[in-house]
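Trainee: have a look at this prediction, sequence included:
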Amino acid sequence: LSLMAAASTYGGAASLLDDLDKKLMCVLRDGRKLIGYLRSVDQFANLVFQDTIERVYVGDKYGDIVRGIYIIRGENVVLLGEIDTAKEASMNLQQVSVEEILALQITEQVRQEKTEARRHKYMLEHGFMPENPMEELYS
């Protein structure tokens, strides 16, 4: 079997060989979204992206942070897929500068932390244990 035939026959990390040189989006375990051209993959699904950008979304706005060559450990990949440029162009999202999207991201994170703190306090006041009991030791 050729290498490409083996990739489609066996699946797994080898199936990513079909996606070499395609523009893909990779969602990582920590929530980051990377867009770049897949240049290399190994048996552990470690990826090498070229011309990578990190796309940050906040509401209906997004910003692209240039990252260049990016090596991604396979165990950190949640989702990997090809980008549909037609759908991407038709979405009602506004591109903003890196500085603006980072400021919006920080504001959103602070808002989420406050909401989570209120929810946590409410749950404790009503006799419910926190989702992670160890966090009570440190608060």
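Mentor: Thanks, I have it.

Trainee: sheet partners, orientation included, of the helix or strand encompassing residue 63?
Mentor: Assigned by DSSP states H and E, residue 63 belongs to strand 61-72. Using DSSP bridges, the strands paired with strand 61-72 are strand 47-58 (antiparallel), strand 94-95 (parallel).

Trainee: out of those strands, flag the one nearest residue 121.
Mentor: strand 47-58 (25.7 Å; Cβ to Cβ). Just so you know, the C-beta spots here come from the backbone N, C-alpha and C atoms, and that holds for glycine as well.

Trainee: got the contact list for that closest one?
Mentor: Strand 47-58 is contacted by residues 16, 24-26, 32-41, 62-72, 74, 77, 80, 93, 101-102, 104-105, 108 when judged by Cβ atoms under 8 Å, 6 or more residues apart in numbering.

Trainee: beta partners of the closest residue to residue 34 other than its chain neighbours?
Mentor: Of all residues not flanking residue 34 in the chain, residue 26 sits nearest, at 4.7 Å (Cβ to Cβ, 6 or more residues apart in numbering). Counting by DSSP bridges, residue 26 is bridged to residue 34, residue 80.

Trainee: wait, residue 26 touches residue 72, no?
Mentor: Yes: counting by Cβ atoms under 8 Å, residue 26 does reach residue 72; the two are 6.1 Å apart.

Trainee: what do the two both touch?
Mentor: With Cβ under 8 Å, 6+ apart as the test, residue 26 and residue 72 both reach 34, 47, 49.

Trainee: for PyMOL, what selects the buried ones among these?
Mentor: Buried subset of the shared contacts of residue 26 and residue 72, written as a PyMOL selection, criterion 16 or more other Cβ atoms under 10 Å:
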select buried, resi 34+47+49
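
Trainee: from the shared contacts of residue 26 and residue 72, which is closest to residue 127?
Mentor: Using Cβ to Cβ, these come closest to residue 127 at residue 34, 42.6 Å.

Trainee: and the closest residue to residue 100 other than its chain neighbours, how many neighbours?
Mentor: In this structure, residue 100 finds its nearest non-sequential neighbour in residue 63, 6.6 Å apart by Cβ to Cβ, 6+ apart. Using other Cβ atoms under 10 Å, residue 63 has 22 other residues around it.
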